[in-house]
Structures are given as C-alpha cells and as structure tokens.
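# sharing a model prediction with you, sequence too.
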Amino acid sequence: MENAPSTNVSNENTSNINSETTWLILEEFVKLSGLDETKILDLINEGSIKSKKEDNKIFIDATSGTSALVKRVESGLVSADMSGKELDPVFVEKTISTILGLHDKVVAAKDETISAFKNENTFLKDALISMQEVYDDDKKTMETLRAELERSREEIEFMKRKYRLMWGKVSNMTEPK
C-alpha cells in the first residue's frame, strides 16, 4: 500500500452496515477481484464500495464490493456490446470466477456466523438450565429452613409457657398462707 494514493476512507461509509457484514482486507479483495488497488480505492471514494479503516488497514465489505464489480462488468459488457467489440473469453471467465470467489467468501462467513450463533445459543441454554437447577436447590433449602424456623418458634413458645407455669407455682409456694 505504499504506492497507493491517499484515500479518505472513513466511518461515513460504514454507518448503515449491519453486524453480519463480511469484511475482506484490501489486499485480499485486490487478489480476488483482479482490479488494481487504485481502482478499488477510487470505488471506495465514490461510495460504490463500503469500507472501514481499523489499525491502519482498510477493510472492504464483500457484498458491496461484489455489487460494484458486477455493475462495472455489466456496464463494460453493455458498452462493449454497443460498440460491436467482441469480449475476451478470458476476461469474462475471470470476472465470473471473481464474483463466485466473493460469493463463496460471503457464504462461508454466513455459515460461520450461524455456527457462532448456534454455539452461543447452546451456551445460553446450558447456563439457563444450570441457573434453574440452582434456583430449585435454593428453593428447597429455603423451605427446609422455614420448617426448622417454625419448629424452633413452636419450641420457644412451649418453653415460655412451661417456665411461666413453673415460675407461677414457685411464687405461689413462697407466698404465706
């Protein structure tokens, strides 16, 4: 990227991007698309490709990159067809393989995201089951403690009555007749 012209990649291009966006590093996108880095940076600057910059690295949104490439190829095909030129089969094949490569990356990222969500859901389900078991154990313990507390209260009341009766008899015995 030392030879690349400066670009004003900012977070403006990423404001409407959802969390499931597949990001490719600029160099990888250059390899997959077969375009020059300067052309890709121009597409970023004109807003055709969404991008973000993190740690001095530029990341390209695979979906918007694919869309921009398809539009570019489509307009190239239409203009070539209008001017009567024949299209180079190698160019068409390379373009199709680029689009398929990007599509495969998006599908793989989607599958990875689904797998991560499934793992997270399994973890959360296990945690919820564990919390429910702890709650049930605590509920049983509280019931046991309540029963013990009630028995202790009854015993205290019995002891109070017993001592009242006993002290009452003692005070009656000591009184002169």
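Received, thanks.

# quick one: contacts for residue 102?
32-33, 62, 65-66, 69 (CB atoms under 8 Å, 6 or more residues apart in numbering). In this view, the C-beta of every residue, glycine as well, is placed from N, C-alpha and C.

# ok, those residues vs residue 134, which is closest?
Nearest to residue 134, judged by CB to CB, of these is residue 62 at 43.6 Å.

# ok, the closest one - contacts?
Residues in contact with residue 62, defined by CB under 8 Å, 6+ apart, are 21-24, 29, 102, 105-106, 109.

# please report which of those has the highest neighbour count.
Among those, residue 29 has the most neighbours (other CB atoms under 10 Å), with 26 neighbours.

# now it: closest residue in space that isn't a chain neighbour?
Distances taken as CB to CB, 6 or more residues apart in numbering put residue 60 closest to residue 29, at 4.4 Å, once the chain neighbours are dropped.

# in the helix or strand containing the one you found, which residues are buried?
In the assignment (DSSP states H and E), residue 60 maps to strand 57-61. Neighbour counts over strand 57-61 (16 or more other CB atoms under 10 Å) mark 58-61 as buried.

# give me the below-cutoff pLDDT ranges for this structure.
Within the chain, the segments meeting pLDDT under 70 span 1-20, 70-89, 169-177.

# the longest helix along the chain vs strand 57-61, what angle?
Criterion DSSP state H: the longest helix present in the chain is helix 89-174. On the basis of axes from the mean of the first three to the mean of the last three CA atoms, to 10 degrees, helix 89-174 is oriented at 100 degrees to strand 57-61.

# oh, and call the first residue 28 from now on, that's how I've got it
All set: I'll call the first residue 28, so the last point we hit is now helix 116-201.

# any idea how far helix 116-201 is from the chain center?
Distance of helix 116-201 from its chain centroid, counting by CA atoms, centre = their mean, to the nearest Å, is 23 Å.

# try stretch 48-61
22 Å.

# and that stretch, end to end?
Distance between the two ends of stretch 48-61: 22 Å, counting by CA to CA, to the nearest Å.
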